[in-house]
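Asks: Turn this into a model:
(chains A, B and C)
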Amino acid sequence: MSALDNLRDTFRRDQVFDFMRQGTRAVAPGQLDSSAGKNILYLEDITVSFDGFKALNDLTLYIKTGELRCIIGPNGAGKSTMMDVITGKTRPDSGTCFFGQTLDLTAMSETDIAMAGIGRKFQKPTVFPEHTAFENLELAMNGPRGPWHSLFTRLSGEQKSWIEDTLATVGLLEDRHKVAGLLSHGQKQWLEIGMVLMQKPQLLLVDEPIAGMTRQEVERTGELLKSLAGKHSVVVVEHDMEFIRSIASTVTVLHQGSVLAEGTMEQVQNDPKVIEVYLGE
Amino acid sequence: MRDSTFKSAFSDRTAKTFMGVLLGATLVVTLLNQFFPPDSPLHVSAYTVTLLGKYQCYALLALALDLVWGYCGILSLGHGAFFALGGYAMGMYLMRQIGDRGVYGNPELPDFMVFLNWSELPWYWQGFDQFWFAALMILLVPGLLAFVFGWLAFRSRVTGVYLSIITQALTYALMLAFFRNELGFGGNNGLTDFKELLGFSLQSDSTRVGLLMATSLSLAMAFVLCRWITGSKLGRVVMAVRDAESRARFVGYRTEHYKLWIFTVSAILAGIAGALYVPQVGIINPGEFSPLNSIELVVWVAVGGRATLYGAVIGAILVNYGKTVFTGVMPEAWLFALGGLFVAVTVFLPQGLVGLVSQRWAAIQKQFQKKETGNDNHTPAEGETP
Amino acid sequence: MGHVIGRFFITLLLAALCNVVLAEDATDTGPAPNAGLHDILNQLASRSFDDKEAAIRQLAGQDHPRVVPLLNALMNRDLVQHRDSGAILLGSKNSDGWQLLDPVSEEVQQQVGSRDARPVVINNRLRTVINNQLALRDLASPDSEQRYQAAGQLIGNADPEMLSALAARRAKETVARVQDRIDVALNIATLNGDDLAARLNAIEALAGSLHPAAKNALRDRVAASDNPAEVRAAEKALARIEARIERYQTADTLFFGLSLGSVLLLAAIGLAITFGVMGVINMAHGELIMIGAYTTYVIQQLLPNSHEWSLLIAIPAAFVVSALVGILIERFVIRFLYGRPLETLLATFGVSLILQQAVRVIFSPLNRTVITPEWMSGALEINPVFSLTYNRLYIIFFALAVFLALLTLLKKTRLGLQVRAVSQNRTTARAMGIRSERVNALTFGLGSGIAGVAGVALAQLTNVGPNLGQSYIIDSFMVVVFGGVGNLWGTLTAAFSLGIANKLLEPVAGAVLAKIIVLIFIILFIQRKPRGLFPQRGRAAEE
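Replies: Numbering: from 1, shown residues only, chains lettered A, B, ... in the order given. The predicted structure is shown next:
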């Protein structure tokens, strides 16, 4: 904003000054504005095509701050592509994608998007196999990333507690000194969620977390995800209906690159369009 | 080792053991050389002193390679180039120290330049009559080369085998270049016939012993430095880069910067090793750039055990000792033995000797514990598999 | 156009001259053409060199098959005078003296002591006369090749007799390249004459000639002339000649570049296959090439009398030997290291050391020579400054043939299909029933076998020694790094471009610097395309 604009803003007659407005903080450009009650993620009319095939077709989706949303849909519906657009891995051909009120995700690099507070947990768990669980989280911890800093830095007491809290959240506190390569598949998934949490994300994108897990692990994961909602906004992509029913408040069904239906699990399951796509011709 | 600082790296038990053994051995050798007359059975000859010094230089070089290979996963097949560059820098200083005592008696120009009919010292030889300048060059030249090369290579995400081949090609090209007389580094004869270093004659026993001590000290310091680096968060990031580079990048680390950092530091250590090597063996020639040398040093680290630091030192000393023995007794067999060593170590001993020993030790410990506590009461210790 | 006019002019002028000279010659010749050869030869007994010259000319004028051998014999001091009889006979020196033979019939006449016969003495002038006469005879030969060579010999010859003979021949000549040569000779002669106009025409005519004598004659003219127009003309002509020579030298460099490229192709293609299919970098590849070269040597030793055949046998033999060694390496070393490319690199390096040392112990550390068979020696001369040596030419074609054979193998055969499947997705290939282990071994064998064949080719170009492999391994790697492993065409492109680039840089920068520049170029190229020109597609994250 130029000095002139600032001046104009000061003399506006239809609004009070920002700091006077109840419940709002002044948001500097480049900062996430995610006041409670508003949406944290806006996807509007997103279209992505690969060589003529439309992976996303005028997709419009809103995620509220603090909610736990599930995205379901058959293969090829565009779920992964949607995640790619949000994290900046793929640029949409048209449409807008905003994080909070001010951050245009289509104009930011992948690293910047990660730094701005969007964390993605991929399908295949990739942790650092030779490092302990504790060390994995330490590496993922938010903070300066340069080599010289890393050489001289020491873990403060506060940081140590933070890591241990996160370990507790994902259920790995007892195994914190175990080498990550030796953890079970489910534990690796949790560790990875923990690593994403260490970057203090506002929005968590979780891609098919329960693939390959045992019954107990699935339950644990559901509880974990539910506990994360509120402080964070969580978007889960999954296939398993049971699991979704156990965790979700709102479900969005994608089909052929756009939203087919949205609502509670019950509503969606009884939606004729959904039934047709999943069961019918 | 959790969160090391330079100070804590000193007090770490492994480091203390290592330094103790190393410096202690050096001290003993020094005493045996200096204080016992040559005909006494306890005397250690000057030749042995120099040999030990050589081994320790190799050990330092191996340490440098372990840093990039064992901890960062960069298999550099051209690390000998940095060793040689450091050696040449030292060699240039030593050549200037000859002054007018050379064959042609020219106070300014080394013999080989007089032989080539050069009339004045080239610009890149200026300054090498000062020790501090030479010392600076020993650090700067390998470091700078590593920095530029690494920047080009890592930035373009060249990894794995391609990178190794390129490092081979680098040292090969340098070898070809240094063989040329026009380059002004002595051509295929290299730099030799040194007389003195910092005023001390290179022929005298006391200088040899002094060099041995300097080498041991450098090796010890380098060891501590490496312990510090690998124990710090930087070390952990570097290991993460080794194990899962794209994951590390995804977590937000500029992996190229880390690789560049460790590669450059490693190159500087290798240069120091070369610089300590040259006054002890008395010559530096382009053969040091030979690709074979660089690959040989990989086997030292492989035999000892990667990512342990002291493994690299042990491997370097063992293999070179073996080489000394072989080439003395059965020279044709040495290459067979070396080749066989490569194959055996990679196929059968991927963890090296250190790995083998610790596996055995762990197995023995387990046996012992089982006997003591009975089968069911076995509680896993930190990091152990249940 | 000026060319044609120039030639025509010259021809006319000299034809006129010829008639005069030849007419004179006709009356000067002594005895009738059918005089006995013996009589003519006996004239060589005279002490006078002029008489000898007359005799030589007379002999040369005879139409007898023995004339040329006798003239050569005279040159080689094989015509001797028998002391007692004074007759001139053919003499063959042996341990007892001279064995005398009849010059015409070659019958052995008698054996005399070494003091009883003496070679006929000739001087340099007579040598020239003999050479000229021989050339004149060749000039009249029905074989165009002989006429061509004769004309070439006469270039620079200023003898008017020769010139008139040349002009006479030119008038009758029908073969273009002989015509051209004669013209060069005549024009150079004119250049040294007195007629300015004729000289200017001659300069014009010589303005594109690649014959070194033409250049020299023009240079001499520039130095000797005081006519500025003439000097300018001559310098212009020289410039044109230089330009032409440069073009041909570039062509020559290109040819050498292609030759080097073909060698690189043979050396690198085996490596590209093993690396592309199996992700294995085989540091012993150079030694497999060396083994192929040594196989060639061994086969030549076993068949000392048929060098032509030994080469043809060596090709499949080297393939088999190297392939077997390769399969052994795969079965006993590489098999245990799949998925660990860096370890494979080190282990195969160990193997290469062992192979090198083994060869040193078995054969010797010294280089061995492999003889080039007849049909591969010599060169195809395109013009005096540009010729293509046969061995390199054959190797270029050979390399391309091998390449095509490989391409066919991979695209059309069952094995090729399996190899491609395994390289793209090993797990799926196995799921489809392809025995990937067998494919591995065979692929490695194939790659190694081709290395062996490369060794056969290399043996023709360079020394065969234990270090042969080391010189080519780095270059092969560079080709693979540059060209990528997704496609054999990548290897082809990379090999030829690197070969040509190297040769183009060599005259400018010297061989060593050229190598370094190429290397730096590749490092920079890797910045933009880290996986080479033709990267492998369909492969999951490498190393």
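
Asks: Alongside chain A, which residues does the stretch 151-300 of chain B contribute?
Replies: Contacts of the stretch 151-300 of chain B with chain A, taken as CB under 8 Å from any CB of the partner chain, map to B:229, B:232-234, B:236-237, B:239-240, B:243-244, B:246-248, B:250-254, B:257-258, B:261. (Glycine included, C-beta is placed from N, CA and C.)

Asks: nearest spatial neighbour of the residue of the stretch 151-300 of chain C found nearest chain A, skipping sequence neighbours?
Replies: Going by CB to the nearest CB, chain A is nearest to C:G279 of the stretch 151-300 of chain C, at 20.8 Å. In space, C:G279 comes closest to C:P341 once its chain neighbours are excluded; the distance is 5.7 Å by CB to CB, 6 or more residues apart in numbering or on different chains.

Asks: doesn't B:W125 make contact with B:M92?
Replies: Yes. The criterion here is CB atoms under 8 Å, and B:M92 meets it with B:W125 at 6.3 Å.

Asks: Same drill for those two, tell me which one is more crowded.
Replies: Set B:M92 next to B:W125 and count neighbours by other CB atoms under 10 Å in any protein chain shown: B:M92 wins out with 26 against 18.

Asks: excluding its backbone neighbours, what's nearest that one?
Replies: Spatial nearest neighbour of B:M92, chain neighbours left out: B:F128 (4.3 Å); criterion: CB to CB, 6+ apart.

Asks: just the residues of the stretch 51-200 of chain A that are near chain B, which are they?
Replies: So the stretch 51-200 of chain A meets chain B at A:111, A:114-115, A:126-132, A:135, A:138-140, A:145-148, A:150-155, A:177-179, A:182, A:195, A:199 (CB under 8 Å from any CB).

Asks: And the residues you listed, which of them are buried?
Replies: A:114, A:126-132, A:135, A:138-140, A:145, A:147, A:150-151, A:153, A:178-179, A:182, A:195, A:199 (16 or more other CB atoms under 10 Å in any protein chain shown).

Asks: Need phi/psi at residue 142.
Replies: By default, I'm working from chain A. phi -60, psi 140 (degrees, to the nearest 10).

Asks: Actually, chain C is the one I wanted.
Replies: Here is the backbone geometry of C:P142 (degrees, to the nearest 10): phi -70, psi -20.

Asks: neighbours around it, how many?
Replies: For C:P142, the count of nearby residues is 6 (other CB under 10 Å).

Asks: Would the host helix or strand of C:S448 count as contacting chain B?
Replies: If you go by DSSP states H and E, C:S448 is part of helix C:436-461. No. Applying CB under 8 Å from any CB, one finds helix C:436-461 separated from chain B by no less than 15.6 Å.

Asks: quick one: average confidence on that helix?
Replies: Averaging pLDDT along helix C:436-461 gives 89.

Asks: what about B:I283, how many residues close to it?
Replies: By other CB under 10 Å, 18 other residues sit near B:I283.

Asks: tell me the contacts of it?
Replies: By CB atoms under 8 Å, 6 or more residues apart in numbering or on different chains, B:I283 lies in contact with B:G91, B:G190, B:L191, B:T192.

Asks: Tell me what it is bridged to.
Replies: Here B:I283 sits in beta bridges with B:T192, as judged by DSSP bridges.

Asks: any idea how far it is from chain A?
Replies: Noted for B:I283: a distance of 37 Å to chain A, by CB to the nearest CB, to the nearest Å.

Asks: got it, and C:L380?
Replies: Applying CB to the nearest CB, the value for C:L380 to chain A is 51 Å.

Asks: and that residue, which of the three is it?
Replies: For C:L380, the assignment made with DSSP: H, G, I helix; E, B strand; the rest coil gives strand.

Asks: Which residue is the nearest non-sequential neighbour of it?
Replies: In this structure, C:L380 finds its nearest non-sequential neighbour in C:L388, 4.6 Å apart by CB to CB, 6+ apart.

Asks: isn't there a strand covering the one you found?
Replies: Yes. C:L388: assigned to a strand according to three-state DSSP.

Asks: Just the buried positions in stretch B:311-321, please.
Replies: Of the residues in stretch B:311-321, B:G311, B:A312, B:V313, B:I314, B:G315, B:A316, B:I317, B:V319, B:N320 count as buried by neighbour count, 16+ other CB under 10 Å.

Asks: what number of residues lie near residue 243?
Replies: Here I'm looking at chain A. By the measure other CB under 10 Å, the count of residues near A:F243 is 20.

Asks: you looked at the wrong chain, it should be chain B
Replies: B:D243 has 17 neighbours, counted by other CB under 10 Å.

Asks: Please apply the same query to B:G328.
Replies: Per other CB under 10 Å, the neighbour tally for B:G328 reads 9.

Asks: And the pLDDT for residue 147?
Replies: Looking at chain A here, since you left the chain open. Taking A:P147 on its own, its pLDDT is 91.

Asks: that's the wrong chain, I wanted chain B
Replies: We have a pLDDT of 96 for B:F147.

Asks: any chance you could map the helices in the stretch 151-281 of chain A?
Replies: Counting by DSSP state H, counting those that start in this stretch, residue ranges of the helices within the stretch 151-281 of chain A are A:157-169, A:185-197, A:215-228, A:241-247, A:265-270, A:272-278.

Asks: Pull out the buried residues from the strand or helix carrying B:V21.
Replies: Under the criterion of DSSP H and E, B:V21 resides in helix B:13-34. The neighbour-count check on helix B:13-34 (16+ other CB under 10 Å) flags B:A15, B:F18, B:M19, B:L22, B:T26, B:V29, B:T30, B:L32, B:N33 as buried.
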